[in-house]
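Visitor: the sequence and its predicted three-dimensional model are supplied below.
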Amino acid sequence: MKMRKLCLSLGMALSLVACSNELDRDVSQIPTAQLGAVVSSIDTNPYFQSMYKSFQDTASENSQLNLQLEVSKDNQELQNSQIEAMLNSGVKALVINLADTKVGPELAMKMCNRRVPVIYINRSPGAKALQECDIAYFVGSDDYQAGMLQAQLVLENWNEHPEWDKNGDGKIQVAVLEGNPAIHSAKIRANWAISSLKFAPERGLGSEGVDVVFQETARYSFDVAKEVVGKWLDSPDFNKVEVILAGNDNMAMGAGETLEAANKKVPIFGIDGLPQAQEAIRQGRVYATILNDADTQARIALRMAANIANERPATEGVYFDMDESGTISIPLKRIEGL
């Protein structure tokens, strides 16, 4: 039976309630272990580039870790073969950033049946898959909370900037850039942001208070977001858009670049808190974002994997609480006004 510490929810408040203090940055006590880690893609996604670098840095700082690190190029079949190669080479635990979350439950069951400990990172195979396996865990952030916090930022600033309401109707006309449709969290972020704009306590505008002018996937891609927003600009309906919600910073920055080139100003809200996005906030191309801490996620995941490989408690040396499904959710943080 998995030994878990339970983090109690304090309801559906918009502001994040952290259930623990901060990560102990002294990683010198990570036990010796042979580990494998796979990242879905780093070619066009700065967030996963950051995660990959954190894996590299943690292994470099801890010579007792023998880490095999691979990139799956958004290809689940390639990722499966990389996992098999790692297991054949003798790794004792895995950290997996799924290329396709739809196969997450199946992969989790397969690894569990083979008694392979896995820490899933950033993309979960699902609470049910985690609960059914005593050696499967997840480290990431709460995508529901990310959408809610994004909406909170919009609503607070909407009240402070009456000039955003172009037509003076008291409603928000919004355009939404969704992430990769193969990733379940992409839809969660978008839907909860829209729902929270409508129904957030105190500030919500009601079911008739938000009009979605455009909602389209840009696959978490900077370049695809540029293309999508460029297409929107060709439509007369774009003149109605008062706020743009992007499911990650990469899309927010792509949208910002397209609007800047067209000499258009619309407040854009992202998610991830990338350094590049923070610079875009300073330069006025993005209005605000939500920090989704890739570095902390990577470091905790490797620590947990090394613990389990040494038959130690998964959370030894980890100063965030784990819920009953085996999930550690890293607190999110608003970034604005830089």
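Guide: Cool, got the structure.
Visitor: can you give me the helices in the stretch 51-200 of the chain?
Guide: Counting by DSSP state H, counting those that start in this stretch, the stretch 51-200 of the chain has helices at residues 76-89, 104-113, 127-131, 143-160, 184-199.
Visitor: out of these, nearest to Ile30?
Guide: Ile30 sits nearest to helix 76-89 of all the helices of the stretch 51-200 of the chain, at 18.6 Å, using Cβ to Cβ. Every C-beta, even on glycine, is put in place using the N, C-alpha and C of the backbone.
Visitor: just the angle between the closest one and helix 104-113, please?
Guide: For helix 76-89 against helix 104-113, the angle by axes from the mean of the first three to the mean of the last three Cα atoms, to 10 degrees is 10 degrees.
Visitor: show me what helix 76-89 packs onto, helices and strands only.
Guide: Applying 3 or more Cβ pairs under 8 Å, 6 or more residues apart in numbering; DSSP states H and E, one finds that helix 76-89 contacts strand 33-39, strand 65-71, strand 93-96.
Visitor: please redo it, this time with the cut-off set to 10 Å
Guide: strand 33-39, strand 65-71, strand 93-96, helix 104-113 (3 or more Cβ pairs under 10 Å, 6 or more residues apart in numbering; DSSP states H and E).
Visitor: among those, which comes closest to Leu177?
Guide: strand 33-39 (22.6 Å).
Visitor: partners of that closest one in the sheet?
Guide: Sheet pairing of strand 33-39 (DSSP bridges) gives strand 65-71 (parallel), strand 93-96 (parallel).
Visitor: okay, those, which one's buried deepest?
Guide: Mean neighbour count (mean count of other Cβ atoms under 10 Å) peaks for strand 93-96 among those, with a mean of 27.
Visitor: just the CA trace of it, in CSV.
Guide: Extracted C-alpha coordinates of strand 93-96, given in CSV (Å, rounded to 0.1, in the frame of the first residue of the first chain):
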residue,chain,number,x,y,z
ALA,A,93,12.9,4.1,-11.8
LEU,A,94,11.5,6.4,-14.5
VAL,A,95,10.4,10.0,-14.8
ILE,A,96,8.0,10.3,-17.8
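Visitor: what's the spacing between that strand and its chain's center?
Guide: 18 Å (Cα atoms, centre = their mean, to the nearest Å).
Visitor: could you give the mean pLDDT of that strand?
Guide: Averaging pLDDT along strand 93-96 gives 98.
Visitor: do stretch 166-185 as well
Guide: Stretch 166-185 shows a mean pLDDT of 94.
Visitor: ok, now stretch 232-241?
Guide: For stretch 232-241, mean pLDDT is 98.
Visitor: before we move on, what about stretch 53-72?
Guide: 96.
Visitor: flag every buried residue along stretch 48-55.
Guide: Using 16 or more other Cβ atoms under 10 Å as the burial criterion, the residues of stretch 48-55 that qualify are Phe48, Gln49, Ser50, Met51, Tyr52, Ser54, Phe55.
Visitor: Asn88: neighbouring residues, count only.
Guide: 8 (other Cβ atoms under 10 Å).
Visitor: an error on my part: the question was meant for Glu156.
Guide: Counted with other Cβ under 10 Å, Glu156 comes out at 15.
Visitor: surely it meets Arg203?
Guide: Yes: taking contacts as Cβ atoms under 10 Å, Glu156 lies within contact range of Arg203: 7.1 Å.
Visitor: re the thing from before, nearest to Tyr120 among the buried residues of stretch 48-55?
Guide: Nearest to Tyr120 among these, counting by Cβ to Cβ, is Met51 at 12.8 Å.
Visitor: pLDDT score for Cys7?
Guide: 33.
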